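Visitor: based on what follows, work out the 3D shape:
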Amino acid sequence: MNRHDRRQARRAEGRRPRAGRIPRPVDFPMIMGSEIVMRPLEQLFDELDRTGKVLVNAKGYPAFVACDGHKYEAAPAIEGLIWHFEMWSIRHGKELPLQPLRDLHIALHYLVPIQERTIEGLRQALPILRRVIAYGQRDDQGDLFHQTRIKIAMEAQA
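Guide: Have a look, this model is predicted:
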């Protein structure tokens, strides 16, 4: 072995293997979360768009069938979604197209006819709102859900 080979061998002995990179955690889209939250609203909208009618409960209030198979009143559920998206807008400083959802809530709450502009607005707004839930951070969406539940409880007490 010549001098050059000996030096290389000494260097190789003293070397430690390079520390591998630690992969950053990747947030996967919350596709199932957005499906659970948005599917009942989209089904209500599809039924309204297709037949011009909505499902009603025994008391005569508009209702929807949630992913758990139970019927819930539509107006309070939509109001909760509006609060959730309003808090998201404030927190992230981005404007969301919530006016069609507000118009739908008013129409279902007061049992008045739904305007055509509301239907057109919902066609454009629902995919955007679904994307907000699907691509949001898990912790952020969980915190917003918790804040919405607190607001609902406070509104119920008032």
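Visitor: only C-alpha atoms from now on, for both contacts and neighbour counts.
Guide: OK.
Visitor: strands of the protein, start to end?
Guide: For the chain, the strands defined by DSSP state E cover 63-65, 71-73.
Visitor: chain center to the lowest-mean-pLDDT helix or strand in the chain: distance?
Guide: The helix or strand of the chain with the poorest confidence is helix 3-14; it has a mean of 81 (mean pLDDT, DSSP states H and E). In terms of CA atoms, centre = their mean, to the nearest Å, the centre of helix 3-14 is set 59 Å apart from its chain centre.
Visitor: can you show me the CA trace of that helix as PDB?
Guide: The C-alpha trace of helix 3-14 is given here as PDB (Å, rounded to 0.1, in the frame of the first residue of the first chain):
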ATOM      1  CA  ARG A   3       1.100   6.600   1.100                       C
ATOM      2  CA  HIS A   4      -2.000   7.800  -0.600                       C
ATOM      3  CA  ASP A   5      -3.900   4.500   0.000                       C
ATOM      4  CA  ARG A   6      -2.800   4.600   3.700                       C
ATOM      5  CA  ARG A   7      -4.100   8.100   4.200                       C
ATOM      6  CA  GLN A   8      -7.400   7.200   2.500                       C
ATOM      7  CA  ALA A   9      -7.800   4.100   4.800                       C
ATOM      8  CA  ARG A  10      -7.100   6.300   7.900                       C
ATOM      9  CA  ARG A  11      -9.700   8.800   6.800                       C
ATOM     10  CA  ALA A  12     -12.300   6.100   6.100                       C
ATOM     11  CA  GLU A  13     -11.700   4.500   9.600                       C
ATOM     12  CA  GLY A  14     -12.400   7.800  11.400                       C
END
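Visitor: and the helices in this structure?
Guide: Secondary structure of the chain (DSSP state H): helices located at 3-14, 31-51, 74-92, 99-109, 116-134, 138-157.
Visitor: show me the shaky parts of this structure.
Guide: Applying pLDDT under 70 to the chain flags residues 15-18.
Visitor: distance to A63 and mean neighbour count added to the helices of the chain, as CSV?
Guide: Converted to CSV, these look like this (distance: least, CA to CA, whole Å; neighbours: other CA atoms under 10 Å):
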stretch, distance to A63, mean neighbour count
helix 3-14, 72, 10
helix 31-51, 8, 16
helix 74-92, 5, 17
helix 99-109, 9, 19
helix 116-134, 18, 16
helix 138-157, 18, 13
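Visitor: any idea which of these gets closest to A58?
Guide: A58 lies closest to helix 74-92 among the helices of the chain, at 13.2 Å (CA to CA).
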